[in-house]
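K.L.:
my questions are about this predicted structure, shown below with the sequence.
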Amino acid sequence: MNQRKLQYLLLFTLSTSSLSAEVVELTLDAPDFDRWMYPYNATAGEREMASTFSSVDSDFDIFDDRDGQAMLGFITQNEITSGLGRDTYDVTSATITLTISGDEVRYDPTVDAWNTYPEGGEEDTDAGRPIELFGAAFRNAFTGWTFGETGPFPFGAERGERNVYPITFSENGDPIDASNSVLEEFTPAPFAVGQTDAVNPGQFMPSETVLTFELDVMDPDIQCYLRSSLDDGLLSVVVTSLHYASQPGVKQPAGLSYPNFHMKESWAVVLGLADAARCEMTVVMADDVGIPEDIDGDGNVSVTDLLTLIADWGSCNCCSSDINGDGEVNVTDLLALIAAWS
Ligand SMILES: [Ca+2]
Ligand SMILES: [Ca+2]
Ligand SMILES: [Ca+2]
Ligand SMILES: [Ca+2]
């Protein structure tokens with residue numbers, strides 16, 4: 001079973017005349033959902049290990065470039081009340097750790113450009129490949145809640161068909177599927193790259209090295225993703241890498257192997273010898289954000305809010321004019337604003 005231990009520490013309370021906020025530190029010692037995402041595995045949720053690897057330059061190019069992926073889901077709502085509105089949650093730090101099993105993977109703490117991956121492409125000037133953490137998006141009406149860790153891959157899914165996939169964001173904040181970044185010739189910015197002090201870059205990481213992914217909370221789109229997750233009560237992420245596999249799931253000779261991570265079902269985790277994925281967050285909770293229709297937060301729903309909403313009209317990732325939080329500012333939000341007119 002999930003050996004999850006919770007710490008919920010109220011650090012201190014800040015108060016001013018108009019605003020009060022509490023700072024909450026969240027520590028989750030295991031995910032609620034951890035799942036290897038790979039087309040041909042029948043016991044994904046219960047699997048002890050998840051490996052990440054690529055289909056690039058394999059004979060299996062019907063599969064996503066980021067072929068073996070690991071999905072992690074942390075339920076936060078038992079520690080931080082969900083549903084209070086995105087703007088209630090200001091995430092000042094977010095860290096996820098994963099423990100590697102095996103010692104055949106070189107440490108690379110930085111993103112490699114897409115064109116260093118295909119055969120005959122640019123040289124990879126720093127040895128090794130980064131292990132990258134992205135947001136999670138879902139297809140076919142699944143959510144993190146309904147997919148859990150036992151949802152269907154689905155079986156036999158080809159490129160762009162899997163029900164869970166890693167996302168980054170475009171310059172205007174639209175989510176982008178990072179699964180096929182080599183084929184599509186772009187270098188996605190992950191939420192975080194796995195880091196360790198155990199070895200220097202380019203060296204092999206010993207088995208049980210803990211990789212730390214510090215999410216870039218200063219990035220407004222990542223901040224928004226985290227706020228939306230806390231509002232939902234569940235944080236889902238996808239860990240991927242583009243380590244080569246001669247065919248998906250088959251190891252290359254030494255030096256070309258791909259990483260393997262302990263899932264919460266790992267016997268070593270169950271026996272307390274290794275850690276499952278962990279999540280730590282620091283969140284400043286505002287308790288006076290008002291109603292969402294008061295876009296500028298001045299205490300009234302008035303013409304200034306209406307003008308802001310019209311200015312933001314259209315696709316709008318995480319802007320406060322998107323009153324119902326569906327990624328669009330449209331007539332639904334306009335009607336909500338008018339209904340709340342004061
Ligand atoms: Ca699992
Ligand atoms: Ca590299
Ligand atoms: Ca207002
Ligand atoms: Ca909307």
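P.N.:
That came in fine, so what should we check first? Numbering: from 1, shown residues only. Ligands and ions are numbered 1, 2, ... in the order given.

K.L.:
how about D61: what's its closest non-neighbour residue?
P.N.:
Closest residue to D61 apart from its sequence neighbours, by Cβ to Cβ, 6 or more residues apart in numbering: S55 at 6.0 Å. In this view, the C-beta of every residue, glycine as well, is placed from N, C-alpha and C.

K.L.:
then the helix ranked longest in the chain to CSV, C-alphas only?
P.N.:
Secondary structure of the chain read by DSSP state H shows that its longest helix is helix 220-232. C-alpha atoms of helix 220-232 as CSV (Å, rounded to 0.1, in the frame of the first residue of the first chain):
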residue,chain,number,x,y,z
PRO,A,220,3.9,32.5,-15.2
ASP,A,221,2.6,29.6,-17.2
ILE,A,222,4.1,27.0,-14.8
GLN,A,223,2.9,29.1,-11.8
CYS,A,224,-0.6,29.1,-13.4
TYR,A,225,-0.4,25.3,-13.9
LEU,A,226,0.5,24.8,-10.2
ARG,A,227,-2.3,27.2,-9.1
SER,A,228,-4.8,25.4,-11.2
SER,A,229,-3.6,22.0,-9.8
LEU,A,230,-4.1,23.2,-6.2
ASP,A,231,-7.5,24.6,-7.1
ASP,A,232,-8.3,21.1,-8.6
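
K.L.:
what residues does it touch?
P.N.:
Contact with helix 220-232 is made by 76-77, 80, 82-91, 94, 135, 144, 169, 173, 191, 215-217, 235-236, 281, 283, 317-318, 325, as judged by Cβ atoms under 8 Å, 6 or more residues apart in numbering.

K.L.:
buried sites along that helix?
P.N.:
Neighbour counts over helix 220-232 (16 or more other Cβ atoms under 10 Å) mark D221, I222, Q223, C224, Y225, L226, R227, S228, S229, L230, D231, D232 as buried.

K.L.:
what's the end-to-end length of stretch 282-290?
P.N.:
Start and end residues of stretch 282-290 are separated by 22 Å (Cα to Cα, to the nearest Å).

K.L.:
cool, and stretch 184-191?
P.N.:
19 Å.

K.L.:
now it, how far from the chain's geometric center?
P.N.:
14 Å (Cα atoms, centre = their mean, to the nearest Å).

K.L.:
do it and ligand 2 meet?
P.N.:
No: counting by Cβ under 5 Å from the ion, ligand 2 is not contacted by stretch 184-191; separation bottoms out at 12.0 Å.

K.L.:
and that stretch, average pLDDT?
P.N.:
In this model, stretch 184-191 has an average pLDDT of 97.

K.L.:
one more: stretch 58-67?
P.N.:
pLDDT averaged over stretch 58-67 gives 88.

K.L.:
same question, stretch 95-107
P.N.:
95.

K.L.:
quick one: that stretch near ligand 1?
P.N.:
No: taking Cβ under 5 Å from the ion as the criterion, stretch 95-107 and ligand 1 are apart, separated by no less than 12.8 Å.

K.L.:
any idea where the helices of this protein begin and end?
P.N.:
Going by DSSP H, the chain shows helices at 144-147, 220-232, 267-270, 303-311, 331-339.

K.L.:
could you dump these to TSV with distance to F261 and mean pLDDT?
P.N.:
Formatted as TSV, these follow (distance: least, Cβ to Cβ, whole Å; pLDDT from 0 to 100):
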stretch	distance to F261	mean pLDDT
helix 144-147	19	97
helix 220-232	21	95
helix 267-270	11	96
helix 303-311	44	95
helix 331-339	41	96
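
K.L.:
redo the ones you listed as TSV? Include distance to T125.
P.N.:
TSV is the format used below for these (distance: least, Cβ to Cβ, whole Å):
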stretch	distance to T125
helix 144-147	37
helix 220-232	27
helix 267-270	35
helix 303-311	45
helix 331-339	48
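
K.L.:
among the ones you listed, which is nearest ligand 1?
P.N.:
Comparison of those against ligand 1 by Cβ to the ion identifies helix 267-270 as nearest, at 10.1 Å.

K.L.:
off-centre distance for the closest one?
P.N.:
The answer for helix 267-270 is 24 Å, by Cα atoms, centre = their mean.

K.L.:
dump that helix to PDB, restricted to CA.
P.N.:
Backbone C-alpha positions of helix 267-270 (Å, rounded to 0.1, in the frame of the first residue of the first chain) are rendered in PDB as follows:
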ATOM      1  CA  TRP A 267       9.900  -3.600  -3.200                       C
ATOM      2  CA  ALA A 268      12.800  -1.300  -2.100                       C
ATOM      3  CA  VAL A 269      10.200   1.400  -1.400                       C
ATOM      4  CA  VAL A 270       7.900  -1.000   0.400                       C
END
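
K.L.:
which parts of it are buried?
P.N.:
A268, V269.

K.L.:
show me the contacts for P166.
P.N.:
Per Cβ under 8 Å, 6+ apart, neighbours of P166: R66, Q69, E132, F134, G135, A136, A137, D177, A178, S179, V238, T240.
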